[in-house]
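>>> Provided below are the primary sequence and the corresponding predicted coordinates.
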Amino acid sequence: MRGTSFCVVLVAAAWLGMHAEAAAPRRPNVLFVMCDDLCCALACYGDATARTPNIDRLAARGVRFDRAYCQFPLCNPSRASLLSGRRPARTTVRDNQKYFRDVDAAVVTLPQAFRQAGWRTERVGKLYHYSVPAGIGTSGLDDPPSWDAVTNPKGRDVFDEPLIFSLLPGKFGGTVSWLAADGTDAEQTDGLSAARAATLLEGYARERTPFFLAVGFYRPHTPYVAPKKWFDLHPREGVVLPEVPADHDARVPEAAVASRYKEQVRLVGDLGREALQAYRAGVSFVDAQVGIVLDALDRLGLRDDTIVVFTSDHGYHLGEHGLWQKRSLFEESARVPLVIAAPGGRAGVAAHTVELVDVMPTVCELAGLPVPAGADGRSLAALVRGDVDAARNFPDRPAFTETQFAKLRGVSMRSGQWRYTVWNGGAAGRQLYDHETDPHELDNLADRPEHAATRERLDAELGRYHPEKELLP
């Protein structure tokens, strides 16, 4: 009899355990995918020459944010801001050397918040800053409190450096350079990252472990290295460089083009088309690696339980305004791709103006976690979920991007139809663009009398929202 009673107790305990588990809210996983130096040169963002089927299919099942902006168009400041949820005014990181915890060791980052709440947090590749290509294979300025484990892959692209063409021979990373590489995708650093991410997903699926997996790809950051087949996908003869008016620089403050390196003036004609071909090859290559990770998520049955975030650290110039790379305050440098797909969420496009500091509160809310103290952004969860009324009534607000070069500091605001930029509080010039009539920002209206009232209104708006008064008029 006692044996029978004991069995009944075991069965009852098991039944209660199963139903308690079923009643408990399911903790969603997070797959956070980030590219390096990727602008909106993607088919899902309307680029007719892009070949990006994998990022496009993620965008087709999630929310594509059409007006998303970084806070600082340089790797370390942007990544520190995005992952801490704090603006550069709070992190004080404005170069590629400073570690944000040297300013505030108590910061709780996005992955750290999940780690503290019991998720398994792992990083593959570059999430926080380290130099490319010199830092590949290291942890660079990584943040140990953010992760349970890390993987620092190092592929053939690093060992092929002697073969790379550079505008400044022997210099990579900060200089436009490229290589149509021999070998396979799997040999490249990003190929190793994709394979490692797929392996980790297999382990999570077996163990049913709630995870926050961050996968940081290195491309299309210069040097633009990709296997030759991706260059063949973008024939050089079909590449078209942006048109730049001959009097372009006369229309803007000198500060507006201070990010232009001297050697970039060579990037015209065939050499410019070759560079653009290489960048587009790098984008298609990294898209294929994103596809490997997304395929694993689907194959392992994890898709319906996983929040997927895809973005880049900042935008990138590909010859617009006579500029290449980043650090300017034009639209091409400040705007980033941002796609968020959540379980039960909607598929569509959000036209709201949003910022990368909004990612932390958004992901936390979608996962049911409190937002860490000190976060500056706002949650976009209402735009990601299927609540049409909440999305319709979601208030728009400006996005801010700032930059710095030695004695030059600028802040730019994207508000409604306008981009308004102030350099050194106005002492080094202003720029004002109407995106309804001038989406490529070629006609600077800042000093025109008929736009004085608009400029005054935007000055007031800038002062109301931006935390640093020394950057303002």
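Now that the structure is in, tell me what you want to look at. As the structure is a computational prediction, the values presented were derived from the model and not from experiment. Numbers count the residues shown, from 1 in each chain.
>>> the stretch 151-300 of the chain: strands as residue ranges?
Along the stretch 151-300 of the chain, the stretches classed as strands by DSSP state E, counting those that start in this stretch are 165-166, 177-181, 211-220, 224-227.
>>> average pLDDT for the longest one, rounded please.
So that's strand 211-220. The pLDDT scores in strand 211-220 average 98.
>>> what angle sits between it and strand 177-181?
100 degrees (axes from the mean of the first three to the mean of the last three C-alpha atoms, to 10 degrees).
>>> which other helices and strands contact strand 211-220?
With contacts taken as 3 or more C-beta pairs under 8 Å, 6 or more residues apart in numbering; DSSP states H and E, strand 211-220 sits against strand 29-36, helix 110-116, strand 120-125, helix 189-207, helix 269-299. All C-beta atoms are positioned from the backbone trio N, CA, C, and that covers glycine.
>>> what do you get for the second one?
Of the remaining helices and strands, those touching strand 177-181 by 3+ C-beta pairs under 8 Å, 6+ apart are helix 156-159, strand 165-166, strand 224-227, helix 228-232, helix 269-299.
>>> quick one: work out the angle between that strand and helix 269-299.
Relative orientation of strand 177-181 versus helix 269-299 (the same axes, to 10 degrees): 60 degrees.
>>> partners of strand 177-181, with directions?
With DSSP bridges as the test, strand 177-181 is paired with strand 165-166 (antiparallel), strand 224-227 (parallel).
>>> point to the residue nearest the middle of the protein.
residue 312 (1.9 Å; C-alpha atoms, centre = their mean).
>>> neighbours of the residue nearest to it when sequence neighbours are not counted, just the number please.
The shortest distance from residue 312 to any residue other than its chain neighbours is 3.8 Å, reached at residue 38 (C-beta to C-beta, 6 or more residues apart in numbering). Using other C-beta atoms under 10 Å, residue 38 is surrounded by 28 other residues.
>>> quick one, helices of the stretch 251-400 of the chain?
Taking DSSP state H, counting those that start in this stretch as the test, the helices found in the stretch 251-400 of the chain are 269-299, 331-334, 359-367, 381-384, 388-392.
>>> which one of the helices and strands packed on strand 177-181 is the most hemmed in?
Highest mean neighbour count of those: strand 224-227, a mean of 28 (counted as mean count of other C-beta atoms under 10 Å).
>>> CA atoms of it as PDB?
Extracted in PDB, the C-alpha atoms of strand 224-227 (Å, rounded to 0.1, in the frame of the first residue of the first chain):
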ATOM      1  CA  TYR A 224      36.400  44.300 -48.800                       C
ATOM      2  CA  VAL A 225      37.400  40.700 -49.000                       C
ATOM      3  CA  ALA A 226      35.100  38.000 -50.500                       C
ATOM      4  CA  PRO A 227      35.600  34.900 -52.600                       C
END
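>>> quick one: contacts of that strand?
With contact meaning C-beta atoms under 8 Å, 6 or more residues apart in numbering, strand 224-227 is reached by 157, 160, 164, 176-185, 188, 219, 275, 278-279, 281-282, 284-285.
>>> what average pLDDT does it get?
For strand 224-227, the mean per-residue pLDDT is 98.
>>> ok, now stretch 418-427?
Per-residue pLDDT over stretch 418-427 has a mean of 96.
>>> helix, strand or coil: sort out residue 403 for me.
Put simply, residue 403 is strand when judged by DSSP: H, G, I helix; E, B strand; the rest coil.
>>> that one is in contact with residue 328, isn't it?
Yes. Counting by C-beta atoms under 8 Å, residue 403 does reach residue 328; the two are 7.0 Å apart.
>>> poorly predicted segments of this structure, please.
1-25, 469-473 (pLDDT under 70).
>>> what does the domain assignment say about it?
Listed domain ranges for the chain are 27-397, 406-471 (source: automatic domain parsing).
>>> can you tell me which of these is most buried?
domain 27-397 (a mean of 20).
>>> quote the end-to-end distance of it.
Its first and final residues considered, domain 27-397 spans 31 Å by C-alpha to C-alpha, to the nearest Å.
>>> coming back round to it: bridged to the residue nearest to the centre of the chain, which residues?
residue 35.
>>> ok, it touching residue 34?
Yes. Counting by C-beta under 8 Å, residue 34 is a contact partner of residue 312 at 6.6 Å.
>>> dump stretch 175-185 to PDB, keeping only the CA atoms.
Provided in PDB are the C-alpha atoms of stretch 175-185 (Å, rounded to 0.1, in the frame of the first residue of the first chain):
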ATOM      1  CA  THR A 175      41.800  52.700 -45.900                       C
ATOM      2  CA  VAL A 176      39.600  51.500 -48.800                       C
ATOM      3  CA  SER A 177      41.100  48.200 -49.900                       C
ATOM      4  CA  TRP A 178      39.900  44.900 -51.400                       C
ATOM      5  CA  LEU A 179      40.500  41.400 -52.600                       C
ATOM      6  CA  ALA A 180      38.700  38.900 -54.800                       C
ATOM      7  CA  ALA A 181      39.800  35.900 -52.800                       C
ATOM      8  CA  ASP A 182      40.500  32.300 -53.800                       C
ATOM      9  CA  GLY A 183      38.900  29.500 -51.800                       C
ATOM     10  CA  THR A 184      35.500  29.100 -50.300                       C
ATOM     11  CA  ASP A 185      33.200  31.100 -48.100                       C
END
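>>> distance from it to the middle of the chain?
Centroid separation between stretch 175-185 and its chain, computed with C-alpha atoms, centre = their mean, to the nearest Å, is 22 Å.
>>> which outside residues touch it?
Contacting residues not belonging to stretch 175-185 are listed as 156-157, 160, 163-168, 171, 188, 191, 222-228, 231, 261, 263-264, 267, 274-275, 278-279, 281-282, 285, 288-289, 324-325 [C-beta under 8 Å, 6+ apart].
>>> also stretch 127-136?
Residues outside stretch 127-136 that contact it (C-beta under 8 Å, 6+ apart) are 32, 34, 36, 75-76, 79-80, 83, 96, 111, 126, 138-143, 146, 152-155, 157-158, 161, 172-173, 189, 214, 216, 218, 221-223.
>>> recalculate using a threshold of 7 Å.
Under the contact criterion C-beta atoms under 7 Å, 6 or more residues apart in numbering, stretch 127-136 has outside partners 34, 36, 75-76, 79, 83, 96, 138, 140-143, 154, 157-158, 161, 172-173, 189, 214, 216, 218, 221, 223.
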